[in-house]
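Student: 3D model of this:
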Amino acid sequence: MKLPQCSCCGHSYTYAEAIKYLLKKDCPQCGKKQFLTTRSNLRTALPAVIIIFLPGFLIRIFLDLPFLQYLSVTVGLLILTILALPFFFEFTDKKQPII
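Tutor: Take a look at the predicted model:
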């Protein structure tokens, strides 16, 4: 897995720059606005659904955890998902449909 590149100037994002993309959508090198490709939107949504919801429901049903423990596990999975997202990013200079 590799980090994304700017579609305009070819700048390879660092991990910190890719995380900051979640807040600021501009390339740190050339300043052009970057958009996620349709493929990238699907690649980022799928891990979020699989990592957060599926284990969360399975933990709640099969382990019969109290709500606060279930909530802490779900928040932990959410944080792990956000930290893994930059590896699924792929940028384009034109806005594309989500699906």
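Student: tell me which residue lies farthest from the centre of this structure.
Tutor: D64 (29.0 Å; C-alpha atoms, centre = their mean).
Student: number of residues surrounding C6?
Tutor: 20 (other C-beta atoms under 10 Å). From N, CA and C alone the C-beta is placed, and that goes for glycine too.
Student: tell me the pLDDT of it.
Tutor: We note a pLDDT of 88 for C6 in this prediction.
Student: now do the closest residue to it other than its chain neighbours: how many residues are near it, please.
Tutor: Spatial nearest neighbour of C6, excluding adjacent residues (C-beta to C-beta, 6 or more residues apart in numbering): C27 at 4.2 Å. When neighbours are defined as other C-beta under 10 Å, C27 has 22 of them.
Student: C27 and H11: what is the separation?
Tutor: Separation of C27 from H11 (C-beta to C-beta, to the nearest Å): 6 Å.
Student: ditto for Q29
Tutor: In terms of C-beta to C-beta, Q29 sits 4 Å off from H11.
Student: same check, this time on T38
Tutor: 22 Å.
Student: ok, K32 next?
Tutor: Counting by C-beta to C-beta, the gap from K32 to H11 is 10 Å.
Student: who has more neighbours out of the two?
Tutor: A count of neighbours by other C-beta under 10 Å puts H11 above the other of K32 and H11, at 18 against 15.
Student: contacting residues for the more buried one?
Tutor: Contact analysis of H11 by C-beta atoms under 8 Å, 6 or more residues apart in numbering lists 5, 27-30.
Student: packing partners of the helix or strand hosting L46?
Tutor: Assigned by DSSP states H and E, L46 belongs to helix 38-48. In this structure, helix 38-48 makes packing contacts with helix 67-84, judged by 3 or more C-beta pairs under 8 Å, 6 or more residues apart in numbering; DSSP states H and E.
Student: now the residue nearest to the spatial centre of the chain: how far from C30?
Tutor: In the chain, the residue lying closest to the centroid (C-alpha atoms, centre = their mean) is L85, at 2.8 Å. Using C-beta to C-beta, L85 is found at 22 Å from C30.
Student: go on, D64?
Tutor: 53 Å.
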